[in-house]
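Participant: 3D, please:
(2 chains)
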Protein chains: 2
Amino acid sequence: MTETTTTGLSSTARTTLNRKKDRAATDRANLYAVLDEGLVCHLGLVNAGGAPMVIPTGYGRDGDTLYLHGSTGATTMRAGTEGPEVCVTVTLLDAIIYARSVNNHSMNYRSAVIYGRLRQPVDRAEKLHGLRMITDHLAPGSWEHARDVNEKELAAVTVLALDLTEASVKMRSAGVIDDPDDVAAGNAWAGVLPVHTGFGEPRPDPQLPEGIALPEHVSQRRQVRRPDPA
Amino acid sequence: MTETTTTGLSSTARTTLNRKKDRAATDRANLYAVLDEGLVCHLGLVNAGGAPMVIPTGYGRDGDTLYLHGSTGATTMRAGTEGPEVCVTVTLLDAIIYARSVNNHSMNYRSAVIYGRLRQPVDRAEKLHGLRMITDHLAPGSWEHARDVNEKELAAVTVLALDLTEASVKMRSAGVIDDPDDVAAGNAWAGVLPVHTGFGEPRPDPQLPEGIALPEHVSQRRQVRRPDPA
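Facilitator: Numbers count the residues shown, from 1 in each chain, chains lettered A, B, ... in the order given. Predicted coordinates for the structure are as follows:
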């Protein structure tokens, strides 16, 4: 049974994971699927003292470019200069695996890990496009519905870009994998508890005037993570 | 209106965040709340080449110690030696904020960031305890219900510990914060879309014999993230 699949999408050592590399490879579509389904990424940087820091932030994707909202203040790079080496990870938790033994408890998940150097778009059009990708990802439909970004706002925002060149996807999507002796003993419950992320009832802003109905791009938004396929 | 709260739980520069530090401080209870509600953490390390890497992993907490499941292969430390500097981040997404302007779109979230050096318990009792904390966090009730870890399994597992000494909590829990001109114009819908993580219907393992009913510690597990309080 295939428990965990690791897909290296480039040939560097760090995206060719050491563990479980005998497991079946999948393709770049898995990378896109994980990135498109997640809502928050974790951006890893090395600070001036050489220590790691991990910051959650919003993002969006267009083809093989990931755009990050850079307002965290974590990066002090200037537009056009080569940015710091980073690692961006997006993780989707799909299920908790209850096994007959404590040791075989596990999680079904899908995670994407991307390595590269941040780039800060110099071009106004790319910056605006990156901001649109981030907005479309966080709140699909809002770019058309809400007031446009003005020049002052655009200037105050930092958009960062990362190429999806060096990346890997790791996933576990199996059921319970127990030791045969434990299965035979049959002393404990075992199964899969799906985990999902969903949206609650939208709450209109109290200052909203009457007559502005809940728009479809909000009302139609439903569960973002697929139920666990296992 | 308080939009974002940043709490530094120690006096180091990196946990005294630069942005929005005028906002109200909260306390260590917030750190515990975020850690206890999350299911996966993101572990940041610096590799031999000086580049960051960010790995999702399970964890558990006991007082001011975080225990991590170290089976990722990312760390090659030996028990008793001083481990690498790490940053562990847990992020809970509570809501998506739809504003009248694209620029004021935001997220409500709570995130905990912990800095420190990993420690690998030397003592068998602490290693077992750490494993229990990780199991209790992932699957409360399973430690009592499932077969105990045997010595061979315990030897094969890596448990890592991290003191919650240097940490910060950042959160946004407000409603829509729009520019007065946009509120007055009233041209777009604005509101809060709560985001939650919940569990689906448990699926028993096909090899389960009849007569092993779904135990309460699984059936009673419900939504793990509070609805957004804003």
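Participant: For the lengthiest strand in chain A, name the packing helices and strands.
Facilitator: Ranked by residue count, the top strand of chain A under DSSP state E comes out as strand A:85-98. Packing partners of strand A:85-98 (3 or more CB pairs under 8 Å, 6 or more residues apart in numbering or on different chains; DSSP states H and E): helix A:28-37, strand A:41-46, strand A:106-117, strand A:191-199, strand B:41-46, strand B:52-57. Just so you know, the C-beta spots here come from the backbone N, C-alpha and C atoms, and that holds for glycine as well.
Participant: How far does the helix or strand just after the last one sit from its chain's centre?
Facilitator: Past strand B:52-57, heading to the C-terminal end, the next element that is a helix or strand (DSSP states H and E) is strand B:59-62. Centroid separation between strand B:59-62 and its chain, computed with CA atoms, centre = their mean, to the nearest Å, is 10 Å.
Participant: and the very next helix or strand once past strand B:59-62 with chain A, contact?
Facilitator: As assigned by DSSP H and E, the chain's next helix or strand after strand B:59-62 is strand B:65-69. No: Strand B:65-69 is not in contact with chain A by CB under 8 Å from any CB of the partner chain; minimum separation 9.7 Å.
Participant: Run the chain-centre distance for the longest strand of chain A.
Facilitator: 8 Å.
Participant: Please identify the pairing partners of it and their relative orientation?
Facilitator: strand A:41-46 (antiparallel), strand A:106-117 (antiparallel), strand A:191-199 (antiparallel) (DSSP bridges).
Participant: list the buried ones in the last one?
Facilitator: Of the residues in strand A:191-199, those buried under the neighbour-count criterion (16 or more other CB atoms under 10 Å in any protein chain shown) are A:191-197, A:199.
Participant: for the first one, same thing?
Facilitator: Residues of strand A:41-46 classed as buried by neighbour count (16+ other CB under 10 Å): A:41-46.
Participant: Output those in CSV; the columns should cover distance to B:A156 and pLDDT.
Facilitator: Output for the buried residues of strand A:41-46, formatted as CSV (distance: CB to CB, whole Å; pLDDT from 0 to 100):
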residue, distance to B:A156, pLDDT
A:C41, 32, 98
A:H42, 28, 98
A:L43, 32, 97
A:G44, 28, 96
A:L45, 33, 95
A:V46, 31, 94
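Participant: Show the model's pLDDT score for the residue nearest to the spatial centre of chain A.
Facilitator: Nearest residue to the geometric centre of chain A (CA atoms, centre = their mean): A:V90, 3.1 Å. pLDDT recorded at A:V90 is 98.
Participant: I figured A:I96 hits A:M107, correct?
Facilitator: Yes: counting by CB atoms under 8 Å, A:M107 is a contact partner of A:I96 at 5.9 Å.
Participant: Wait, A:D182 touches B:R147, no?
Facilitator: Yes: taking contacts as CB under 8 Å, A:D182 lies within contact range of B:R147: 5.8 Å.
Participant: quick one: contacts for the residue sitting furthest away from the middle of chain A?
Facilitator: No residue in chain A sits farther from the centre than A:A185, which is 39.8 Å out by CA atoms, centre = their mean. Applying CB atoms under 8 Å, 6 or more residues apart in numbering or on different chains to A:A185 gives the contacts A:100, B:147.
Participant: same question, A:H217
Facilitator: A:139-142, A:144-145.
Participant: how many other residues sit next to the nearest residue to A:G186 once chain neighbours are set aside?
Facilitator: Closest residue to A:G186 apart from its sequence neighbours, by CB to CB, 6 or more residues apart in numbering or on different chains: B:P209 at 4.5 Å. Residues lying near B:P209 (other CB atoms under 10 Å in any protein chain shown) number 10.
Participant: Could I get the phi/psi values of A:L154?
Facilitator: Here is the backbone geometry of A:L154 (degrees, to the nearest 10): phi -60, psi -40.
Participant: Surely the residue nearest to the centre of chain A is in contact with A:L35?
Facilitator: Yes: between A:V90 and A:L35 there is a contact at 5.7 Å, judged by CB under 8 Å.
Participant: Give me the common contacts of the two.
Facilitator: A:59, A:112.
Participant: Mind listing what's buried along the longest helix anywhere in chain A?
Facilitator: Using DSSP state H to define each element, chain A has its longest helix at helix A:124-138. Buried residues in helix A:124-138, defined by neighbour count with 16+ other CB under 10 Å: A:126-138.
Participant: Please tell me I have it right and A:M107 contacts B:G58.
Facilitator: Yes: using CB under 8 Å, A:M107 makes contact with B:G58 at a distance of 6.6 Å.
Participant: Is stretch A:131-139 positioned near chain B?
Facilitator: Yes: using CB under 8 Å from any CB, stretch A:131-139 comes into contact with chain B via A:131, A:135, A:138-139.
Participant: Identify the residues contacting the residue nearest to A:G38 when sequence neighbours are not counted.
Facilitator: Leaving aside its chain neighbours, A:G38 sits nearest to A:V90 (4.0 Å; criterion: CB to CB, 6+ apart). Shown in contact with A:V90 (CB under 8 Å, 6+ apart): A:34-35, A:38, A:40-42, A:59, A:111-112.
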